[in-house]
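Engineer: coords below, sequence missing:
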């Protein structure tokens with residue numbers, strides 16, 4: 001049976017992991033695959049813990065031996081793990097996020113953090129790239145012109161906005177509504193992954209290329225990403241329901257893009273119809 005590290009090493013590991021958590025980094029891996037049993041306690045102190053670079057969704061979980069996983073679960077229990085329901089769990093994640101200063105966006109004019117909104121038990125979740133000016137002002141995702149179009153898309157599916165959950169890859173407005181940069185997405189996305197693990201949706205719809213590429217870790221054009229389902233499990237996050245085996249993920253155009261090019265609304269409707277069929281939804285009858 002593997003021996004646990006001595007108390008000094010455990011404290012050192014806890015300090016290091018806490019440091020990374022404060023940066024918004026929760027996913028770790030080790031370069032070597034040697035069994036923990038064969039590593040002396042002194043050698044364990046030299047194990048290098050790094051932030052993931054580019055990993056596929058299926059490989060983005062923690063890649064550690066079981067004993068090491070247990071160590072990190074003891075040292076860094078996420079607050080939402082103890083929550084009795086998703087409402088309380090999401091509140092704990094929001095409290096953990098705090099008045100976030102983990103990336104440079106907090107210094108570039110954001111007014112407030114835009115966490116997410118909707119049904120904490122939603123079967124359907126929409127994920128965009130980041131807040132715009134209206135969202136930054138109101139503290140809620142998709143409330144501007146693009147949000148009005150998204151509301152219409154949701155209504156056309158036979159649902160209400162309050163039936164679904166809506167969030168973004170980054171929770172602070174990039175200046176000038178520019179595309180979120182890679183380091184900003186990598187810093188913020190662990191909180192999105194934790195939200196997904198708490199909500200446990202059946203389907204996630206990635207709105208636009210930025211959301212799709214960050215969720216799937218696939219660098220491909222929209223024409224290749226659309227039209228199919230992907231199996232999706234949030235990286236580095238653990239659901240309280242062991243029976244939840246992840247979500248189906250579909251990709252469609254961002255509502256802001258559809259406002260610029262209304263000709264693509266028909267293609268987006270095809271994507272939503274695919275989702276509706278999977279969820280057993282029927283569009284409302286026109287009166």
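Structural biologist: Here it is on my side, so go on. From a predicted model like this one, the values you see are computed outputs, not experimental measurements.
Engineer: Quick check: phi and psi on residue 252?
Structural biologist: With angles defined as degrees, to the nearest 10, residue 252 sits at phi -140, psi 180.
Engineer: For the longest helix anywhere in the chain, list every residue counted as buried.
Structural biologist: In the chain, assigned by DSSP state H, the helix with the most residues is helix 182-199. Within helix 182-199, the residues scored as buried using 16 or more other Cβ atoms under 10 Å are 184-199. In short, each C-beta sits where N, CA and C put it, glycine included.
Engineer: Check stretch 274-281 too.
Structural biologist: Buried-residue list, stretch 274-281, by 16+ other Cβ under 10 Å: 274, 275, 276, 279, 281.
Engineer: what's the closest of those to residue 111?
Structural biologist: Nearest to residue 111 among the buried residues of stretch 274-281, counting by Cβ to Cβ, is residue 275 at 32.5 Å.
Engineer: follow-up on the earlier one: could I get the buried residues of stretch 274-281 as TSV with secondary structure, distance to residue 139 and pLDDT?
Structural biologist: Shown next, in TSV, are the buried residues of stretch 274-281 (DSSP: H, G, I helix; E, B strand; the rest coil; distance: Cβ to Cβ, whole Å; pLDDT from 0 to 100):
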residue	secondary structure	distance to residue 139	pLDDT
274	helix	32	98
275	helix	27	98
276	helix	30	98
279	helix	29	98
281	coil	29	97
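Engineer: still on that earlier bit, other SSEs contacting the longest helix of the chain?
Structural biologist: Here helix 182-199 touches helix 86-97, strand 124-128, strand 165-168, helix 209-216, going by 3 or more Cβ pairs under 8 Å, 6 or more residues apart in numbering; DSSP states H and E.
Engineer: Other residues contacting the longest one?
Structural biologist: In other words, helix 86-97. Contacts to helix 86-97, defined as Cβ atoms under 8 Å, 6 or more residues apart in numbering, come from residues 78-80, 83, 113, 115-116, 120-121, 171, 191, 194-195, 198-200, 240.
Engineer: can you do 7 Å?
Structural biologist: Helix 86-97 has contacts (Cβ atoms under 7 Å, 6 or more residues apart in numbering) with 79, 80, 83, 113, 115, 120, 121, 191, 194, 195, 198, 199.
Engineer: hang on, the earlier thing: would you mind giving the buried residues of stretch 274-281 as JSON lines with distance to residue 177 added?
Structural biologist: Listed next are these as JSON lines, based on distance: Cβ to Cβ, whole Å:
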{"residue": "274", "distance to residue 177": "29"}
{"residue": "275", "distance to residue 177": "27"}
{"residue": "276", "distance to residue 177": "30"}
{"residue": "279", "distance to residue 177": "31"}
{"residue": "281", "distance to residue 177": "31"}
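Engineer: Looking at the residues you listed, which is nearest residue 208?
Structural biologist: Among these, and counting by Cβ to Cβ, the member closest to residue 208 is residue 275, at 15.6 Å.
Engineer: Provide a list of residues in contact with that closest one.
Structural biologist: So residue 275 contacts 203, 205, 250 (Cβ under 7 Å, 6+ apart).
Engineer: Next one: residue 227 from residue 107, what distance?
Structural biologist: Note on residue 227: its distance to residue 107, by Cβ to Cβ, to the nearest Å, is 40 Å.
Engineer: quick one, which of those two is more surrounded?
Structural biologist: residue 227 (14 against 10; other Cβ atoms under 10 Å).
Engineer: how near is the more buried one to residue 208?
Structural biologist: 15 Å.
Engineer: In the stretch 151-287 of the chain, where is pLDDT below threshold?
Structural biologist: Counting by pLDDT under 70, the ranges of the stretch 151-287 of the chain that qualify are 287.
Engineer: 80 instead?
Structural biologist: 286-287 (pLDDT under 80).
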